[in-house]
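S.K.: Turn this into a structure:
(chains A and B)
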Amino acid sequence: MRVEISKSDSHVLKCEYAVRGEIVTLAQQLQQELLAKPGSHPFDEILYCNIGNPQSLAQQPITFFREVLALCDHPAILDRSETQGLFSADAIERAWQILDQIPGRATGAYSHSQGVKGLRDTIAAGIEARDGYPADPDDIFLTDGASPAVHMMMQLLIRSEKDGILCPIPQYPLYSASIALHGGTLVPYYLDEAAGWGLEPSELKKQLEAAKAKGISVRALVVINPGNPTGQVLSEDNQRDIVEFCKKEGLVLLADEVYQENVYVPDKKFHSFKEISRSMGFGEKDISLVSFQSVSKGYYGECGKRGGYMEVTGFSPEIREQIYKVASVNLCSNISGQILASLVMNPPKVGDESYESYSAEKDGILSSLARRAKTLEDALNSLEGVTCNKAEGAMYLFPCLHLPKKAIKAAEAAKTAPDAFYARRLLDATGIVVVPGSGFGQVHGTWHFRCTILPQEDKIPAVVSRLTEFHKGFMDEFRD
Amino acid sequence: MSPKALDHDSINENVKRAQYAVRGELYLRASELQKEGKKIIFTNVGNPQALGQRPLTFPRQVIALCQAPFLLDDPNVGLIFPADAIARAKHYLSLTSGAGLGAYSDSRGIPGVRKEVAEFIQRRDGYPTDPELIYLTDGASKGILVPVPQYPLYSAAISLYGGSFVPYYLEETANWGLDINNLRQSVAQARSKGITARAMVIINPGNPTGQCLSEANLKEIIRFCHQENLVLLGDEVYQQNIYQDERPFLSSRKVLMDMGQPISKELQLISFHTVSKGYWGECGQRGGYFEMTNIPPETVDEIYKVASISLSPNIAGQIFVGLMVSPPRPGDISYEGFVRESKGILESLRRRAQLMTDGFNSCRNVVCNFTEGAMYSFPQIRLPPKAIEAAKRAGKVPDVFYCLKLLEATGISTVPGSGFGQKEGVFHMRTTILPAEEEMPEIMGSFKKFNDEFMEQYDDHRGYSRM
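M.R.: Modelled structure (predicted):
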């Protein structure tokens, strides 16, 4: 008799992660088939638009960052004269600076469980420069990407299924998965598609009360800003409403700010929730706030490095100790990722030798992302029965599919959700991989899919034409 | 002031209960003292490169090139990187399909690296294994049977996830060997409390105890798990750290396969390895893998699903795993240097293991089993009754009391045995064998002075009865 996971008691079975779900598995199969038998499908290649993984689609890393990381990986070459010819002088200088902050210059050793102190000092200074309010290095926990930090907080907050976490719908499914894994309850609050995915404070209140009435103790509120999958950049008013709400109701504010460098519209600007809270006169005694940042997004797109941090403010010393304890069980996050997080929060400045090339690389990537966002948004809006909100930030478009009744019936007959049905058809016809909206949550009876803006710029016309052609054929088949 | 959502009463109980002594009270006190300017010798955690062990040259050359691939286009790159490191960097970059270190890989790890791990396992054990059942990880649960003493990651993790820690005691007098009767007893006791054991952990070579399990012991364990329907979790992260020749490392998988059918096709086994230990000591990279044997496909799917939520392990760490399982070969430019560096480290560790064991055994009221493997020494400190009373008055567990005094007097930061579990009334201290060889005599001298003075102070001079 084998040991099986018992269906009645496993949180693991309940959790889902659509970004790497069924559609992606199918896409990988098709990719294998294309390799084995070229021409076996009506397209030459699979275009992965399902995941925010820029460097898998040929986005280049920032040179200065990689120079510093390489030198920190192999410090033995810093003493060689030939190294000066291979690396820029300020990268060499920064590597020395960082190595001096690491005891024994040992980048292979476990660090302090919150991360190397000197790197946290750098990050705190970067946060202060960004927000105009002080940050304490001891409030920072460096982690292998933002995801482990989110898991840590869910672990601390959730005692049973009676503990609820308010999450935006649609949301990045790390949150639903993490809440399920830790045995809690996701309490949805719906973003308003008609209002550019904005947030109504009354909606927050309504959902909180509904949860309480069901006996759920709501512990925290997740906000993703800029939004994933929805791409909106919250207005400052909206942000202030959220801060007030959390303060009043005693909720921990979990602010996912990993897309803080991805803002594509001139009329919006990123403001951290810490900045907003402090500008409202709220300090440590007023609001418990956790801010998440990552090296995976922005203009650096370093997903594979696994770097990130959470900044934790407004908790008692006892709780801080518990957070530290949970962090310490894992010993520490990878050192190279820690170094990269410090570089992201303290990049080259005007006057540095590498500043011009760094700046050119950064602007090149961001302006390209903005162009691709606009091109894809316009293309989607030109499709029959499709409306798509602007991608003000982040890396995604989340169009709404107003599907004809015939299509919905066909999906039902195929025992698939209508958006998954559409996504499957899209994949089979064009090789384009998107994630059905049901993976993120949506208002009941509405259908969406999430598409990244990441395919290389020269492939975007092909994406647009293939998508347009497919959609026309789909509507011809299913139009009422 | 608004109500706080996260306070003493509302934090997850499992978190409050979890303990992780390796970075617990002693470590925090040591860090405080260090901030005050005292010289601290951190022997609390298996962190070789923090104590002066140099990283191996070849892997760092390869990773640096992977980190900055534009170097490969520079005509002068050959001036500071050898040709085989350049070739190997190109090899790993190609395995990432050109995306390099910056893109998420498959959640299970880069397929090419998983294949290299499978090839390594086949060479090591003599049996083929499937790369599909090998998952790369970022550094390395109901009732879980765990050896006592144990590496407290297991108790902490079980605590955090609300499982039940079911201890089975290792026999100190039998060189920390495993008595199958202890195992049976533990399972029966748990059952009588309504706990069904689901899995069993073995740490081989042992942490903190250092013992290398014999083939006979491994066979007993495997048979036991098979009978009791337990998943066997084989923590084999110290497989490179062997300091005696009588009991070389035998992987659980090899022994299982040697036992033939039906058990070789039925016993469920998950084996763990890492780049943090061995002669690599690359703790900061957070690279490792686990290999699954006879795990049902539906379970593998669930594990894959959980892995995919974390997207992927860091790419550089995965490449370190690849380099560890396929190091330079005879004929490669870097081969001689690599062998010299790794042999140097291992031989020094062997000498230090002996030095520490002998050093502890020369101290009053201290008895220490030989460190057969891993990275630790786990001497038994026979605390006199007066010392135990003094500890009680100070509000401390006796071995914590001892270790804190040791820290204050000498700067040596250790982990009290209570952090690992031990028999009632028996006390230990875990230290690593990692301080630099040149510093060992002074450290052992410093310890002996402290210990013998401590025992002089607290001994009742009526003779101490043997446990």
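S.K.: Tell me which stretches of the stretch 301-450 of chain B form strands.
M.R.: Ranges of strands in the stretch 301-450 of chain B, per DSSP state E, counting those that start in this stretch, are B:366-367, B:376-377, B:380-381, B:412-413, B:415-416, B:429-432.
S.K.: any idea which helix or strand of the chain has the worst average confidence?
M.R.: Unless you meant another one, I'm taking chain A. helix A:11-14 (a mean of 65; mean pLDDT, DSSP states H and E).
S.K.: ah, no, chain B please
M.R.: Least confident element among the helices and strands of chain B, by mean pLDDT, DSSP H and E: helix B:153-160 (a mean of 71).
S.K.: Show me how far the helix or strand harbouring A:Lys206 is from its chain's centre.
M.R.: Secondary structure assignment for A:Lys206, by DSSP states H and E: helix A:201-213. Here helix A:201-213 is found 26 Å from its chain centre; the criterion is Cα atoms, centre = their mean, to the nearest Å.
S.K.: how is the chain carved up into domains?
M.R.: Went with chain A since none was named. Domains of chain A are assigned by automatic domain parsing as A:11-58+A:360-478, A:110-344.
S.K.: that answer is for a different chain, and I need it for chain B
M.R.: Split by automatic domain parsing, chain B gives B:8-52+B:345-458, B:100-325.
S.K.: Nearest to A:Asp163 among these would be which one?
M.R.: domain B:8-52+B:345-458 (8.5 Å; Cβ to Cβ). Using the backbone N, CA and C atoms, a C-beta is placed for each residue, glycine as well.
S.K.: Kindly report the residues of the stretch 201-350 of chain B close to chain A.
M.R.: Counting by Cβ under 8 Å from any Cβ of the partner chain, the residues of the stretch 201-350 of chain B lying close to chain A are B:229-231, B:266, B:268, B:276, B:281-286, B:296, B:298-299, B:302, B:305-306, B:308-317.
S.K.: Buried ones among those residues?
M.R.: B:229-231, B:268, B:276, B:281-286, B:299, B:302, B:305-306, B:308-317 (16 or more other Cβ atoms under 10 Å in any protein chain shown).
S.K.: okay, now B:Ala197: neighbour count?
M.R.: Counted with other Cβ atoms under 10 Å in any protein chain shown, residues neighbouring B:Ala197 total 23.
S.K.: can stretch B:33-40 be found next to chain A?
M.R.: No: using Cβ under 8 Å from any Cβ, we find that stretch B:33-40 stays clear of chain A, coming within 9.8 Å at best.
S.K.: tell me the secondary structure for A:Arg320?
M.R.: Under DSSP: H, G, I helix; E, B strand; the rest coil, the three-state class of A:Arg320 is helix.
S.K.: hang on, it packs against A:Val326?
M.R.: No: between A:Arg320 and A:Val326 there is no contact under Cβ atoms under 8 Å: 11.0 Å.
S.K.: Those two - which one has more neighbours?
M.R.: A:Val326 (22 against 14).
S.K.: which residues touch the more buried one?
M.R.: A:Val326 makes contact with A:152, A:155-156, B:15, B:18, B:160, according to Cβ atoms under 8 Å, 6 or more residues apart in numbering or on different chains.
S.K.: can you pick the most crowded of the residues you listed?
M.R.: Most surrounded of the contacts of A:Val326: other Cβ under 10 Å gives A:Leu156, at 26 neighbours.
S.K.: quick one: contacts for A:Pro54?
M.R.: Per Cβ under 8 Å, 6+ apart, neighbours of A:Pro54: A:301, A:303, A:395, A:454, B:102-103.
S.K.: which residues touch B:Leu72?
M.R.: Contact analysis of B:Leu72 by Cβ under 8 Å, 6+ apart lists B:65, B:86, B:89-90.
S.K.: cool, and B:Gly322?
M.R.: Contact analysis of B:Gly322 by Cβ under 8 Å, 6+ apart lists B:92, B:95, B:110, B:112-113, B:116-117.
S.K.: Take those residues and keep only those in strands.
M.R.: Judged by DSSP state E, the subset of the contacts of B:Gly322 located in strands is empty.
S.K.: Nearest to chain A, out of those: which one, please.
M.R.: B:Ile110 (9.6 Å; Cβ to the nearest Cβ).
S.K.: What is the neighbour count of the closest one?
M.R.: Around B:Ile110 there are 24 residues (other Cβ under 10 Å).
S.K.: coming back round to it: with pLDDT as added columns, please give the contacts of A:Pro54 in CSV.
M.R.: Output for these, formatted as CSV (pLDDT from 0 to 100):
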residue, pLDDT
A:Gly301, 97
A:Cys303, 95
A:Met395, 97
A:Leu454, 96
B:Gly102, 95
B:Ala103, 93
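S.K.: Pick out whichever of those residues sits closest to B:Lys193.
M.R.: Closest to B:Lys193, out of all of the contacts of A:Pro54 and judged by Cβ to Cβ, is A:Cys303, at 45.4 Å.
S.K.: Any idea how many residues pack against that closest one?
M.R.: 28.
S.K.: phi, psi of it?
M.R.: Main-chain torsions, A:Cys303, degrees, to the nearest 10: phi -60, psi -40.
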